Every structure is written in C-alpha cells, then in structure tokens.
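Visitor: Structure of the sequence below:
(2 chains)
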There are 2 protein chains.
Amino acid sequence: MRKFKRLPQHIGVIPDGNRRWAVAQGMEKQEGYDHGIDPGFQLYQMCLDLGVKELTFYGFTQDNTKRPKQQTTAFQKACIDAVNSLAHRDAELLVIGNTSSPLFPKELLPYTKPVKFGEGKIRINFLVNYGWNWDLSHALDKQGQCSQALGKQMIKNIASCDISRVDLILRWGGRRRLSGFLPVQSIYSDFYIIEDYWPDFKPEHFYNALDWYENQDITLGG
Amino acid sequence: MRKFKRLPQHIGVIPDGNRRWAVAQGMEKQEGYDHGIDPGFQLYQMCLDLGVKELTFYGFTQDNTKRPKQQTTAFQKACIDAVNSLAHRDAELLVIGNTSSPLFPKELLPYTKPVKFGEGKIRINFLVNYGWNWDLSHALDKQGQCSQALGKQMIKNIASCDISRVDLILRWGGRRRLSGFLPVQSIYSDFYIIEDYWPDFKPEHFYNALDWYENQDITLGG
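Guide: Model prediction:
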C-alpha cells in the first residue's frame, strides 16, 4: 500500500456520474445508482487502511428528489443497501438529512444518531435527503439538536454541526462545483475533480488526489 | 471581441497569488497587491464589453487581516485605490464587509449602500473585511439589514443578501478552494482555476474560462 506524508483527516465524497455512466452502458439512468455502492466500499477500505479518520458521502439531496420517481426510488434503495452492507464492517455511522420528509428512507432513521458497527475505527457520515438550506436554516430555530450549541454561533447550530471541517473534497464525474455539499464544512476544503464517472472508480483516482493534496499549502484563509 | 452563446450572469473573482508573484519578482510580499489593481480593471472592461451583469471581487477577508501589518495596510490601500479608480468609470458599486471593525477602511463606508458611478451598466460587489462567519451569523440577529428579509428564511437574512447567486467563480493562483468566498451564493457555482498568479492576468484566462463554462450543464442541484 502507498504511504503519504500528510493525509487529509476528513474527506468529502461527491460520487457523481452514475446516470451518465448507465446511459453510456446502454442502461436506464436509474440503473446506475446500484453500481455506485461497490466503489464506495473500495474507497472506504482504502481510507481505513491508510488511517483516514472521517469520510462523508453525498448520498442524495433534497434537490435530487425533484428527479423522476424511478430515479428517486433507485437512489433511496442504493443508500439503504449501502448502510446494510456497512453494518457488517467497522464504522461509526452518522446519517444526516431532513427526516421530517417522507423522502427520507425510514430504514435509516436509527442511524441519525451515531451507531458503532464492529470496532468503529472510522467515522462515516452519510448525507441522505440532505439540503444545504435545511442545514443552515436549522441554526435559526433554536432546538439545540447539537450537543455543543452555544449562543449565537451560527456554525454550532446548523443541522450538520456534528460533522467536522472537511479537508479534501473528491468529486467524480468532471463537474467542478459543490452542489450544496456541506457549505460550512467546505469553507476551507481543497477540491479535487476526477473526470471519470463514479461507477468507474479506480484506486489511482484516490492516490492521485492524495498526491496532489500532499503538496497543497493549507492556510485556512490566513 | 469574442462572442459566447451562453454567458454567466454573475462572476465571482478570487484574485489570488499577489504575494507569490511579488516574491517571484524579487519584491517584498506586500508589494504585490498594488499590481493586482490593473488586472481587475482589465477584467472589468472585458465583462462590460461582453455584457456580464454582475461581478464580485474578493478584496480581503477577516482571515487575511491576521497577516503581518505591512501586508494588511497594503491590501487595504489597494482596495481604496481600486474604488477611487472605479469612481471614474461606469458601475453600480456595493461594498460588503464587517464595518464594525477598525480594519474596515473608513474611506469605503459610503459604498456599503449601492452607489452608481457614471452610467452604471454593471453591478460590482466588492468584499472588503468580509468574513463567511460574519456573513452567515447576520441571519441570527434579526436586524433586517436586507430589504427583502422574510421570517425564518436563512438566506434572505445573511449580511450579503443583496448579492445574487454566483454562476462562475474564477480563482487565480492555482489553489482549488473557496477560502470563505460567499458560501451561500457559491452553492451551485462552477469553479474555474487559473494556475497563473493574479498580477499575470491575461485575456485568454478569461476567454478560456468562458469557453469552458459554455459547455457546462447547469442543473442547480437537480
């Protein structure tokens, strides 16, 4: 296994391109999501082996649920299948998303508080029916869901306040945008774009990203 | 002049690399900022000629003011000089930043409400002593600075609520990160990175970015 002198502690993953991949294979768009599960576990295993502490996967967003019903059903199912498979491995899982909507899969409700699978070892955050506006607006309603909520400090009161700052964001599928991914935790993140679609994940994608990240000067805006 | 079939309406500019440019020229770091003014006007003129409606420049941030005093003084002066020069052209200027700190140059206070220079023609937003946390936290204190403030809608109550969604963000200097640039307006923005330092601005940088942008599929998260 490769070694790196400086690793990101927390990696964000935007696994884009499932539908474009499916169309390129002659499949229906919604068939792509199921092929996005295995790449996630390949990446998970590499992170576990390297010692990455935290991984956040972009499951699906409230924006995404405006797509045709077949697609919505397919990506909901892929999220449930992914969690059921993760349950047989080591992880500390936290699912974050708007649970007050029927579009949030009820099978994932038990994971909206951290749940330890096996020996834990790595924090996995999974954004499911997540919305950036829902996340930020949570700071306004003072329900204090966050354990460390403190007065007027915006960022301590957002819905995703238990997710830490993201060091490196990897996006597959060639698009160079955040598409609402954790706006507060992404403030200082470095972005690395992979042109290939997510179902075509290769270990080199990840190694190349880590090579690149090693040479970035991290200043946190200073 | 080049023509484009689809132009971004609102472009964000992160003019990074002034200090690295100065060092490469054998100058002191702080001498770089003054060389960042002319590129801004070149880009301004190109946007005016093409018909871009709104431009937002990242002047300096609250994070930046943690740098040595010589640098802080130099970038404050560059911002003031830029505005004084813009006053002789066409623009509708709005300066956004934390004015309650002595680090906000008092010379720019008159522009914290929109001011029309010449015939207007293009909206120029200038972020001066701007902080992403300051911007977002404004939504919590209900002072209603924003004309269209409405109840609990987070994004209508942030300090930068008069700045519209950004379509395309251009960053010079090779770093692939937002560094706190308008987190809400950047949610769906496409990012384009130019490796050259900002004082080495060339028209081709901008044309290449617009060529690239023309071929992006804009989905707003859908």
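Visitor: A:Gly118 and A:Arg89 touch, don't they?
Guide: Yes. Assessed by C-beta atoms under 8 Å, A:Gly118 is found in contact with A:Arg89 at 5.9 Å. Glycine gets a C-beta too; all of them are placed from N, C-alpha and C.
Visitor: Compare the two and say which is more crowded by neighbours.
Guide: Counted by other C-beta atoms under 10 Å in any protein chain shown, A:Gly118 and A:Arg89 do not tie: A:Arg89 has more neighbours, with 17 against 12.
Visitor: which SS class is that one?
Guide: coil (DSSP: H, G, I helix; E, B strand; the rest coil).
Visitor: residues near the closest residue in space to A:Ala87 that isn't next to it in sequence, how many?
Guide: Closest residue to A:Ala87 apart from its sequence neighbours, by C-beta to C-beta, 6 or more residues apart in numbering or on different chains: A:Phe117 at 5.3 Å. Number of residues near A:Phe117 (other C-beta under 10 Å) recorded here: 17.
Visitor: So in terms of bridging, what pairs with A:Phe117?
Guide: A:Phe117 has these beta-bridge partners by DSSP bridges: A:Ala91.
Visitor: count of residues packed around A:Val23?
Guide: 14.
Visitor: cool, and A:Pro39?
Guide: Residues near A:Pro39, counting by other C-beta under 10 Å: 20.
Visitor: Likewise for A:Lys5?
Guide: Neighbour count of A:Lys5, defined by other C-beta under 10 Å: 5.
Visitor: How about A:Asp34?
Guide: Residues lying near A:Asp34 (other C-beta under 10 Å) number 17.
Visitor: ok, it touching A:Gln76?
Guide: No. A:Asp34 is beyond contact range of A:Gln76, at 11.7 Å (criterion: C-beta under 8 Å).
Visitor: I figured A:Thr112 hits A:Val95, correct?
Guide: Yes. Using C-beta under 8 Å, A:Thr112 is in contact with A:Val95, at 5.2 Å.
Visitor: By mean pLDDT, point me to the weakest helix or strand of chain A.
Guide: Sorted by mean pLDDT, DSSP states H and E, the helices and strands of chain A end with helix A:132-137, the least confident at a mean of 93.
Visitor: Return the distance of that helix from the chain's centre.
Guide: Its chain's C-alpha centre and that of helix A:132-137 lie 16 Å apart, by C-alpha atoms, centre = their mean, to the nearest Å.
Visitor: Going by neighbour count, which residues in stretch A:43-59 are buried?
Guide: Going by neighbour count (16 or more other C-beta atoms under 10 Å in any protein chain shown), the buried part of stretch A:43-59 is A:43-44, A:46-48, A:50, A:52, A:54-59.
Visitor: Go through these and say which is closest to chain B.
Guide: The nearest member of the buried residues of stretch A:43-59 to chain B, counting by C-beta to the nearest C-beta, is A:Tyr58 at 10.8 Å.
Visitor: ok so, going back, put together CSV for the buried residues of stretch A:43-59, with distance to A:Arg165, secondary structure and pLDDT on each row.
Guide: What follows is those, written out as CSV (distance: C-beta to C-beta, whole Å; DSSP: H, G, I helix; E, B strand; the rest coil; pLDDT from 0 to 100):
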residue, distance to A:Arg165, secondary structure, pLDDT
A:Leu43, 20, helix, 98
A:Tyr44, 20, helix, 98
A:Met46, 21, helix, 98
A:Cys47, 17, helix, 98
A:Leu48, 21, helix, 97
A:Leu50, 19, helix, 97
A:Val52, 14, coil, 98
A:Glu54, 10, strand, 98
A:Leu55, 14, strand, 98
A:Thr56, 11, strand, 98
A:Phe57, 17, strand, 98
A:Tyr58, 16, strand, 98
A:Gly59, 20, strand, 98
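Visitor: farthest-separated two in those residues?
Guide: The span of the buried residues of stretch A:43-59, defined through C-beta to C-beta, is set by A:Leu50 and A:Gly59 at 22.7 Å.
Visitor: so where's chain A shaky on pLDDT?
Guide: Applying pLDDT under 70 to chain A flags residues A:141-152.
Visitor: Now do the contacts for the nearest residue to A:Trp132 once chain neighbours are set aside.
Guide: Spatially, and ignoring its direct neighbours in sequence, A:Trp132 is nearest to A:Gly180 (3.8 Å; C-beta to C-beta, 6+ apart). Residues near A:Gly180 by C-beta atoms under 8 Å, 6 or more residues apart in numbering or on different chains: A:Thr61, A:Asp63, A:Tyr130, A:Gly131, A:Trp132, B:Ile187, B:Tyr188, B:Gly221.
Visitor: I'd like the distance between the last one and A:Ile163.
Guide: Between B:Gly221 and A:Ile163 the computed distance is 19 Å (C-beta to C-beta, to the nearest Å).
Visitor: Does the helix or strand hosting A:Trp21 reach chain B?
Guide: Assessed by DSSP states H and E, A:Trp21 sits inside helix A:18-24. No. Counting by C-beta under 8 Å from any C-beta of the partner chain, chain B is not contacted by helix A:18-24; separation bottoms out at 9.7 Å.
Visitor: Check which residues of that helix are buried.
Guide: Using 16+ other C-beta under 10 Å as the test for burial, helix A:18-24 gives A:Asn18, A:Arg19, A:Arg20, A:Trp21, A:Ala22.
Visitor: what about the helices in chain A?
Guide: Using DSSP state H, the helices of chain A run over residues A:18-24, A:37-50, A:69-86, A:132-137, A:203-214.
Visitor: Distance from the chain centre to the first one, please.
Guide: Think helix A:18-24. Using C-alpha atoms, centre = their mean, the offset of helix A:18-24 from its chain centre is 20 Å.
Visitor: Over to stretch A:70-81?
Guide: Computed by C-alpha atoms, centre = their mean, the chain-centroid distance of stretch A:70-81 equals 15 Å.
Visitor: any residues touching it, and which ones?
Guide: Here stretch A:70-81 has contacts from A:18-19, A:28-31, A:33-34, A:36-37, A:59-60, A:64-65, A:103, A:105, A:107-108, A:126, A:128, using C-beta under 8 Å, 6+ apart.
Visitor: Which of these are buried, as a PyMOL select command?
Guide: The command below creates a PyMOL selection of those among these that count as buried (16+ other C-beta under 10 Å):
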select buried, chain A and resi 18+19+29+30+31+33+34+36+37+59+60+64+65+103+105+108+126+128
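Visitor: Now, the contacts of stretch A:70-81 that are in strands?
Guide: Among the contacts of stretch A:70-81, the ones falling in strands (DSSP state E) are A:Gly59, A:Phe60, A:Phe126, A:Val128.
Visitor: Chain B: which of those residues is nearest?
Guide: Distances from chain B to the ones in strands among the contacts of stretch A:70-81, taken by C-beta to the nearest C-beta, are shortest for A:Phe60, at 10.5 Å.
Visitor: I'd say the closest one and A:Leu108 touch.
Guide: No. Using C-beta under 8 Å, A:Phe60 is not in contact with A:Leu108; the gap is 11.2 Å.
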